[in-house]
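Visitor: Give me a 3D structure for the following:
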Amino acid sequence: MPIARFWLMHRNIDRITAEESIKTAMIGASVQSGEGLSLLMSDLRKQMGTVAEIDVAAEKLTEQLDKVGLQSLKSLASAFR
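Guide: Numbering: from 1, shown residues only. Model prediction:
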């Protein structure tokens, strides 16, 4: 690793630690009131974003046997025997 990259990464450690400390302080200050806590939680949920959404009703409607796909998988399996 080049020395310049090492020192750049070393400086980022302090930045990341400071950011975590600020978040911890914000959490400590926010939990003192119910409104502050709800605002903090909504802000954190916005930052997390949506990882995955599954529409269960649509899944049940489209649940059926894929005969073509099953046959292609069987042919692949027989090719490796």
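Visitor: immediately after the helix or strand bottoming out on mean pLDDT in the chain, which helix or strand?
Guide: Sorted by mean pLDDT, DSSP states H and E, the helices and strands of the chain end with helix 56-62, the least confident at a mean of 67. As assigned by DSSP states H and E, the chain's next helix or strand after helix 56-62 is helix 67-79.
Visitor: mind checking how far that next one is from the chain centre?
Guide: Using C-alpha atoms, centre = their mean, to the nearest Å, the mean C-alpha position of helix 67-79 is found 34 Å from that of the whole chain.
Visitor: what mean pLDDT would you report for the top helix by length along the chain?
Guide: In the chain, taking DSSP state H as the definition, the longest helix is helix 3-30. For helix 3-30, the mean per-residue pLDDT is 86.
Visitor: Now do that helix: which elements does it pack against?
Guide: Counting contacts by 3 or more C-beta pairs under 8 Å, 6 or more residues apart in numbering; DSSP states H and E, helix 3-30 is packed against helix 34-48. Every residue, glycine included, has its C-beta placed from N, CA and C.
Visitor: buried stuff in the helix it packs on?
Guide: The neighbour-count check on helix 34-48 (16 or more other C-beta atoms under 10 Å) flags residue 40 as buried.
Visitor: Give me the contacts around it.
Guide: 26-27, 29-31 (C-beta atoms under 8 Å, 6 or more residues apart in numbering).
Visitor: Show me which of the residues you listed are buried.
Guide: By 16+ other C-beta under 10 Å, these give residue 30 as buried.
Visitor: ok, back up a step: angle of the longest helix of the chain against helix 34-48?
Guide: Following axes from the mean of the first three to the mean of the last three C-alpha atoms, to 10 degrees, one obtains 150 degrees for the angle between helix 3-30 and helix 34-48.
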